[in-house]
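In: Need coordinates for the below:
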Amino acid sequence: MIIQHPLNDFLYSLFPDAQVFGQNPELLVEHLTDFYTFGPYRPTVTIKGAMVEVKIDTKAITSQKAEYDKVLRLCEAGQFRQALPRLRQLISQNPTVSEYHRVLGQVLSELGQPDEALNALIDALRWDPRNGYALIMAGNIYARQKQDLKSAKTFYDQALALNPRDFIAINNIGGNLMQMGRAQEAERYFEIAHEIEPDYPNTLYALAMVRQQRRDYEGAFDFATRALRNARPGDPILRASLALATETATKYLHSTNTFAIANEYQEVVQNRAGLEIRVDEDPLIPTAAKLEIAENYGRRYHQVLFKPNYPAVEHLIMHEIVHLDFVLQARESGGNLLFTTSSRGKEKFIRAAEPQLKKLQKAGFKEQNITGFIDGLFEGMMRQIYNQPIDLFIEDFLYQEYPEARPLQFLSLLKLLQESIEAIRNKQAAEYSPPAVHKASTVLNLVMALQFRDLFGYNAVPDFKAPALQVKEAERLWAEYLEYRTDRQPGEEYELLQHWGEDLGMGAYFELQDEQTLRQQQAAGQSSARPEAAPVSVPTEEPAGQASPEDLLARIERDPLGLDEPEPADAHQGRMSFADSPAGGMAVMFYCLDWLQHFDGKSRQQVQDITFEIAMLGRSGLDPKDSTQKYNLASVPGKKYSALHLLTGMYTGFQQLDPSLDTGLDFGKELEMARAMHKGKDE
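Out: The predicted structure follows:
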């Protein structure tokens, strides 16, 4: 295909950007070449007298583009050996395409052949000296694989001469200087690249690394989360940025007086309350932090209790205080409501769950164990329905008003998010839970993931592997929350809570009642409603509606965050427990049941071999936040396990071998229920 343009003013009206070249024919040729380039296929542009001729090889485009696209897809999937012969075939058919040689250079570099890669890149530049990616890649090979920064700069300088605003080339120069230990010089290039393109994730990641080296952990964390926000799915920089954000947040936690941040906010709310807020350590509480509202305990002060060794517990303390602050604001406006349940509501829940109860009965489980199971589901679902809408407002408030606490907030919410993914993806929990309950829990956890993405840039929604309709429902709820967030009035979070309960099919199981009216009714003995006290101090095994009036008042306060699970079993993180995570506890219970069934008929030596092998794996690192089933056991061939599944196996095994041994895991309640269910099936 040949296109001809008269070399006159009409040409410049078609290509107004070319007017700046004046009478320079070389620049005009370059401009038209760039314009008519299609993918890797560049035209031949020549000036013949008073005409400009553009020759486009449409035959090559028609016959080779599909194959070239296949090669690119193989490269994107990391299948470089499969791409190599296809690429060589393309080059043999049409050696004039610069991009074919450039991609060949990339493939050979990935396969550990730097010299051959450089030869291919030189060929790419012979056919098109303006191939910026080939110039940058050649510079990278000289710098990273040959440690020849002088030669690397020759190619980088040429790339910058062609495009002084080539932020990728500038970033690569900085990256190579960084690898050579010249961080101060590198930072200058990173800053220039960032000024040209503020959202390039590789540069943001690099600036985070520079600040981490300077021990500016807050600044490093900020750049790492900005890299997270801008990285594409599947890009290696995404996982690297998540790891760096976690690392810098942890270092910030250990190097900063983070309790001073919590103390500052405590004073603000204390002045609003007109009562003292006491914040005290209590290693015996079953959760990481707990709020006790003064009126519920007949005290003249509000109380926040916390476990001193819990990671980022300062964030949880602040969360509890924000919840108190919201209650005070709602009281001032006369709109504070209490979330209550009753025996009647629970009966409706049980009736709706009858198909699953019959399924459990058919599976051989005892009636008493099924009752305990459904009680836990009811308590857990009501806690989640109450907590999630309010948590969104609390976390947004903390993020906006206390940026210095963001690294702590990140660690806390990421931990909860990862444990929720493990629980939701547990197949047995999904099988035995009523579908409406599992769907509602999944949707609410997805909403939490959407907020984490909004605050910190990382999108964990795909990790849940949830059905598309549930993701869509979560996005709808998130959009509704955003409407409230812009101008939330005191107590409006209860309105959102009511809407979501109804939308998720849970509205029949709870009531929101005016606080003052309900307290008066309780004092007069006229109400049997049970305020759902989401704090983990509420014994979830106690049947709803049977608490004493004193207990009812004590249960009005909640732990709205639901971040009560201690960290994984490790010397630095404290004990791991799912005391107040119904979904997580359910997953642990089923994992324990799986191990009990596996240990059936095994000798003590066989149980010991399995348990000790898991313990040895734990010494080298078992991250319960990682829900992927990637671990193998030589003692149990043919199976793959997640980290949490293995940890429950270690706990179950040691409970058989030596119950006095402290594993750092607190799965006693879950194992007890699993044993009862296992025994019931055997009888």
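In: State the three-state secondary structure for Val279.
Out: strand (DSSP: H, G, I helix; E, B strand; the rest coil).
In: isn't it right next to Tyr265, touching?
Out: No - look at Val279 against Tyr265 with C-beta atoms under 8 Å: they stay out of range, at 10.7 Å. Just so you know, the C-beta spots here come from the backbone N, C-alpha and C atoms, and that holds for glycine as well.
In: Just say helix, strand or coil for Gln629.
Out: coil.
In: again, but for Tyr481
Out: State at Tyr481, reduced to three classes by three-state DSSP: helix.
In: Next one: the nearest residue to it once chain neighbours are set aside from Lys358, what distance?
Out: Using C-beta to C-beta, 6 or more residues apart in numbering and skipping residues adjacent in sequence, the residue nearest Tyr481 is Leu392, 5.4 Å away. When distance is defined by C-beta to C-beta, to the nearest Å, Leu392 is 36 Å away from Lys358.
In: Settle it for me: which of those two has more neighbours?
Out: A direct count of neighbours by other C-beta atoms under 10 Å for Leu392 and Lys358 places Leu392 higher, at 24 against 11.
In: chain center to the helix or strand containing that one, what's the gap?
Out: In this assignment (DSSP states H and E), Leu392 forms part of helix 367-401. Helix 367-401 sits 19 Å away from the centroid of its parent chain (C-alpha atoms, centre = their mean, to the nearest Å).
In: Let's test this: mean pLDDT of it, rounded?
Out: Averaging pLDDT along helix 367-401 gives 88.
In: next structured bit after that helix?
Out: Following helix 367-401 toward the C-terminus (DSSP H and E): helix 406-424.
In: What is the neighbour count of the closest residue to Ala676 other than its chain neighbours?
Out: Excluding its sequence neighbours, the residue lying closest to Ala676 (C-beta to C-beta, 6+ apart) is Asn369, at 4.9 Å. Per other C-beta under 10 Å, the neighbour tally for Asn369 reads 19.
In: now do Ser92
Out: Neighbour number of Ser92 under other C-beta under 10 Å is 9.
In: Point to the helix or strand of this protein where mean pLDDT is at its lowest.
Out: helix 549-554 (a mean of 26; mean pLDDT, DSSP states H and E).
In: Going by neighbour count, which residues in stretch 328-346 are buried?
Out: 328-331, 335-342, 345-346 (16 or more other C-beta atoms under 10 Å).
In: nope, stretch 292-304 is what I meant
Out: Buried residues in stretch 292-304 (16+ other C-beta under 10 Å): 292-294, 296, 302-304.
In: any chance you could map the strands in the protein?
Out: Under the criterion DSSP state E, the chain contains strands at 2-6, 44-48, 51-55, 276-281, 289-292, 301-306, 337-341, 511-514, 530-531, 576-577, 631-633, 636-641, 665-666.
In: For these, which has the smallest mean pLDDT value?
Out: Comparing mean pLDDT over the strands of the chain, the weakest stretch is strand 530-531, at a mean of 49.
In: which non-adjacent residue is nearest Pro462?
Out: The shortest distance from Pro462 to any non-neighbouring residue, by C-beta to C-beta, 6+ apart, is to Pro233 (7.5 Å).
In: Ala245 now?
Out: Per C-beta to C-beta, 6+ apart, closest to Ala245 is Ala224, 3.9 Å.
In: Can you report how many residues neighbour that neighbour?
Out: Count around Ala224 with other C-beta under 10 Å applied: 32.
In: quick one: it and Ala449, what's the gap?
Out: The value you get for Ala224 to Ala449, if C-beta to C-beta is used, is 19 Å.
In: And Trp478, by the same measure?
Out: In terms of C-beta to C-beta, Trp478 sits 9 Å off from Ala449.
In: Comparing those two, which shows the higher neighbour count?
Out: Each of Trp478 and Ala449 has its neighbours counted (other C-beta under 10 Å); Ala449 has more, 25 against 18.
In: mind checking how far the more buried one is from Glu511?
Out: Per C-beta to C-beta, Ala449 is found 29 Å from Glu511.
In: Also Leu646?
Out: Taken as C-beta to C-beta, the span from Leu646 to Glu511 is 42 Å.
In: quick revisit: isn't the residue nearest to Tyr481 right next to Val447, touching?
Out: Yes - with contacts counted by C-beta under 8 Å, Leu392 reaches Val447, the gap being 7.3 Å.
In: Please enumerate the shared neighbours of these two.
Out: Common neighbours of Leu392 and Val447, counting by C-beta atoms under 8 Å, 6 or more residues apart in numbering, are Tyr481.
In: who touches Gly601 in this structure?
Out: Gly601 touches nothing, counting by C-beta under 8 Å, 6+ apart.
In: Report pLDDT for it.
Out: pLDDT at Gly601 comes out at 87.
In: Please report phi then psi for it.
Out: When quoted as degrees, to the nearest 10, the phi and psi of Gly601 stand at phi 80, psi 0.
In: how much space is there between it and Gly653?
Out: Applying C-beta to C-beta to Gly601 and Gly653 gives a distance of 15 Å.
In: Then Phe259?
Out: 39 Å.
In: And for the residue positioned nearest the centre of the chain, nearest residue in space, chain neighbours not counted?
Out: In the chain, the centroid-proximal residue (C-alpha atoms, centre = their mean) is Ala460; its distance is 3.9 Å. Closest residue in space to Ala460, ignoring its immediate chain neighbours: Ala449 at 4.5 Å, by C-beta to C-beta, 6+ apart.
In: before we move on, the earlier item: hang on, the residue nearest to Ala676 packs against Met673?
Out: Yes - Asn369 lies in contact with Met673 (C-beta under 8 Å); the separation is 6.7 Å.
In: shouldn't Phe378 be in contact with Phe349?
Out: Yes - using C-beta under 8 Å, Phe378 makes contact with Phe349 at a distance of 5.1 Å.
In: Now for these two: what residues contact both?
Out: Tyr509.
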